[in-house]
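Colleague: sequence and predicted structure below; questions after.
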Amino acid sequence: MTAAAVHRAAPPEPRVRATQSPWLLTVWGASLVAVGSLGLAAAWHHWLPAVVLVVAAVLPLVLLRTVVSLGISRWAASSVLSLLLLLAAYLMAAGSGTPFRDLVADSVPLLLTEPQPYDVRADLLVAPVLLTGLLSLFAGLRLESRTRVGPLAAALALYVCGALLSTGTADRWGLLAVLLVVLGLLGWVLLDEHTEPTVQRLAVAGPSLVVLVGGMAAAALLPSTDPFEPRGLVDPPMVVVEAASPLPQLGAWQQNPDTPLLRVAGDRVPLRLVTLDQYDGAQWRAATRYAPFGTIGEPVLPPGDLRRTATVAVAFEGLGGRWLPAPGDPVDVSSEDAVVDPRTGTLYDPEAGGETAYEVTAVRDAPEPEALVGATVPGTAAAQRFLTLPELPLRLASYAEEVVAGAHTPYEQAMAIESAVKQGRTLSGQSISGSAYWRIDKFLFGEAGTSGAQVGTSEQFATAFTVLARHAGLPTRMVVGFKPGDAQTDGSRIVRGSDALAWPEVYFDRLGWVPFSPTPKDDTFTQDRPEVTTAPPVEDQAPLSPGGSSTKPDPSTTTPTTAGAGPEHGSRAWWPWIVALSGGPLVLLVGARRVRSLRHRRRGAPGAWAEVLDALALAGTPAPRSAAATAIADGADRRWGTTATRRVADLAERVAFGPSPFTDAGVRAELREVRRAARRSAPWWRRLVWSVDPRVFRR
């Protein structure tokens, strides 16, 4: 009898019968859907939505199973329960002020444009509750199917919805994913009544469980350089505000240097009021379109690799206005009415003014000082926004080229411009305001002593730097903000008019936005910067001096974070991709091999003989399909120095073709001996890939 004939022999009676514990099956299905609903509920960061969604996950399934056990048709029961679920959702939506139909139809755009974490509101919960309840009914209907994948499919659907709504942060460590896999596999192994011992079934499922859990844990722990963000597919609701640039106020604040503007507590860092990136040759324009705080929005250029976090509590003293100062790009703010410009991180509160008080946490780029020396600037289309200038007057253009003529790197160019703008000029709150080309020309080239010549507020110093830097090819923007302020006895700080400041920032690849200090006697951003030992000569009214200090936010004032605080820039490490690309196929191969072995195991002795044929292929001596099983076994025993292969072949032939009934007890022990002998005979490199060798699938 050939090996193929034995392999194709009819299998013995099934070793699995339907479960005898319907209530355990109900508990298993409800538990799976409940765990999936927890992944969805995590988008709220509150216990109440978790309770509501777990109830919606468990109650419909349990009610359906209970009603069906009383003899009522499954489809009739599910239809009635679906109507009750719709009624419950309708009652939830009644107090939201939005028609139920519109609430359900617009649920996806609503959830994708609402700031996160979600508020506990009925209009945000209606669609998730309805979805969870319907999936619970689906799981209940499919619970008695042969494969019983319904509950796991429902749980995975809820889990994926939660991951999409939270950009993967709902299950940051993959614990819910692991729990779903464990519940699913244990349910499939333990809930059926098998003839094989439970320990043996767990031993078979164990490797698959380890592989799946390990794969999901690795997926959760490995960093993602470009996570999918579904919110980017939907335009968020925008708030249009009419607000003038705060630049003209710089002179007024500096003319009243002792006037308190803010009281601040927390990290000692500069505060940004408004970030300006649109310049038309006459003035800087502030953003007018703001989105609700928490709305996902991509900055025009990616953040740097290293960022720092700072938290401050701010109380208005004499500032006024609607902008809210923050220590960087805000990630959390206590003001409920705050809106944000997603491009620049500028905060705006239409209700601000008077006695406004709030707490804000923000992140800012903080590169290592030594990284600046060799840093490059991007040449992408996105960077053009920060290089745009109206046609520059000839004298300004020539001056910009002369200033950077001797600089070799972008950082040296920026330092040369900083030194040139600062050199020989005076800061004065009495100076003429303005950012137009004519004002900058007068500021840079006017004869000292005439109105506005060689003197200005920080507006002119920062604008001059920005114009010259953009012409030199450095992506540059301008910020209006405040120095950290003076410490008080109660631990707070007072920010006064003398602390108001405008400063430029240059963007470097992988480092982010780096501030510079072209204003005389200002050292806000000059700590720990690398020195530039050469500076280009400039023959002009504003000669350059060699050297220059360097800028870097004070690392002692904030808590360092990695780039995980914001979107990643480029591919920072290849090893996660290497692990994912190589580990994925390995996981699939191991899983497929375990499923193949499980199928063979359930077929008894014929399945054991199939495992012997697999072992021969893995050892590099595949058996001819036309050869007799006994001949193959005898040859294998001679090569491997055993007699177990012939005993497996004899048992397989007797089970497949002998009189019934026949027991194949002991075949597992014989097979283990064959496997050990086959592995010992194989070369070391075959043993190394034994568990993932795909050649067995070619038999």
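Modeller: It's in. Numbering: from 1, shown residues only.
Colleague: does residue 505 count as helix, strand or coil?
Modeller: strand (DSSP: H, G, I helix; E, B strand; the rest coil).
Colleague: and it, how far from residue 524?
Modeller: From residue 505 across to residue 524, the span is 12 Å (C-beta to C-beta, to the nearest Å). All C-beta spots, glycine's among them, are computed from the backbone N, C-alpha and C.
Colleague: ditto for residue 692
Modeller: 58 Å.
Colleague: can you count the residues close to residue 592?
Modeller: 15 (other C-beta atoms under 10 Å).
Colleague: just want to know which of residue 505 and residue 524 has more residues nearby.
Modeller: Higher neighbour count among residue 505 and residue 524: residue 505, with 27 against 20, using other C-beta under 10 Å.
Colleague: who's in contact with the closest residue to that one other than its chain neighbours?
Modeller: Residue nearest to residue 505 in three dimensions, not counting chain neighbours: residue 513, with 4.3 Å by C-beta to C-beta, 6 or more residues apart in numbering. Going by C-beta atoms under 8 Å, 6 or more residues apart in numbering, residue 513 touches 301, 304, 364-365, 477, 505-507.
Colleague: so is residue 513 in a helix, a strand, or just coil?
Modeller: strand.
Colleague: got it, and residue 109?
Modeller: Of the three states, residue 109 takes helix according to three-state DSSP.
Colleague: show me what the residue nearest to residue 505 bridges to in the sheet.
Modeller: In this entry, residue 513 is beta-bridged to residue 507, by DSSP bridges.
Colleague: quick one on the thing from earlier: by neighbour count, which of the contacts of residue 513 wins?
Modeller: The contacts of residue 513, ranked by neighbours (other C-beta under 10 Å): first place residue 506, 30 neighbours.
Colleague: then stretch 379-398 to PDB, C-alphas only?
Modeller: Once non-C-alpha atoms are left out, stretch 379-398 reads as follows in PDB (Å, rounded to 0.1, in the frame of the first residue of the first chain):
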ATOM      1  CA  GLY A 379      13.700  71.600   0.100                       C
ATOM      2  CA  THR A 380      10.100  70.200   0.000                       C
ATOM      3  CA  ALA A 381       7.000  72.000  -1.300                       C
ATOM      4  CA  ALA A 382       5.700  72.300   2.200                       C
ATOM      5  CA  ALA A 383       8.800  74.400   3.200                       C
ATOM      6  CA  GLN A 384       8.000  76.900   0.500                       C
ATOM      7  CA  ARG A 385       5.300  78.500   2.800                       C
ATOM      8  CA  PHE A 386       8.200  79.600   5.000                       C
ATOM      9  CA  LEU A 387      10.300  80.900   2.100                       C
ATOM     10  CA  THR A 388       7.700  83.000   0.400                       C
ATOM     11  CA  LEU A 389       8.500  86.600   0.000                       C
ATOM     12  CA  PRO A 390       7.100  89.300  -2.300                       C
ATOM     13  CA  GLU A 391       9.800  90.700  -4.700                       C
ATOM     14  CA  LEU A 392      12.600  91.900  -2.500                       C
ATOM     15  CA  PRO A 393      14.000  95.400  -3.000                       C
ATOM     16  CA  LEU A 394      17.500  95.200  -4.600                       C
ATOM     17  CA  ARG A 395      19.300  96.700  -1.500                       C
ATOM     18  CA  LEU A 396      17.700  94.200   0.800                       C
ATOM     19  CA  ALA A 397      18.400  91.300  -1.500                       C
ATOM     20  CA  SER A 398      22.100  92.300  -2.000                       C
END
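Colleague: pLDDT weak spots in the stretch 201-350 of the chain?
Modeller: 201-238, 294-298 (pLDDT under 70).
Colleague: who does the lengthiest strand in the chain pair up with?
Modeller: Ranked by number of residues, the top strand in the chain under DSSP state E is strand 306-316. The strands that strand 306-316 pairs with in its sheet are strand 260-266 (antiparallel), strand 357-365 (antiparallel), strand 559-562 (antiparallel) (by DSSP bridges).
Colleague: report all helices and strands that the helix or strand where residue 52 lies contacts.
Modeller: Take DSSP states H and E as the rule and residue 52 turns out to sit in helix 47-69. Judged by 3 or more C-beta pairs under 8 Å, 6 or more residues apart in numbering; DSSP states H and E, helix 47-69 is in contact with helix 22-41, helix 74-93, helix 122-141.
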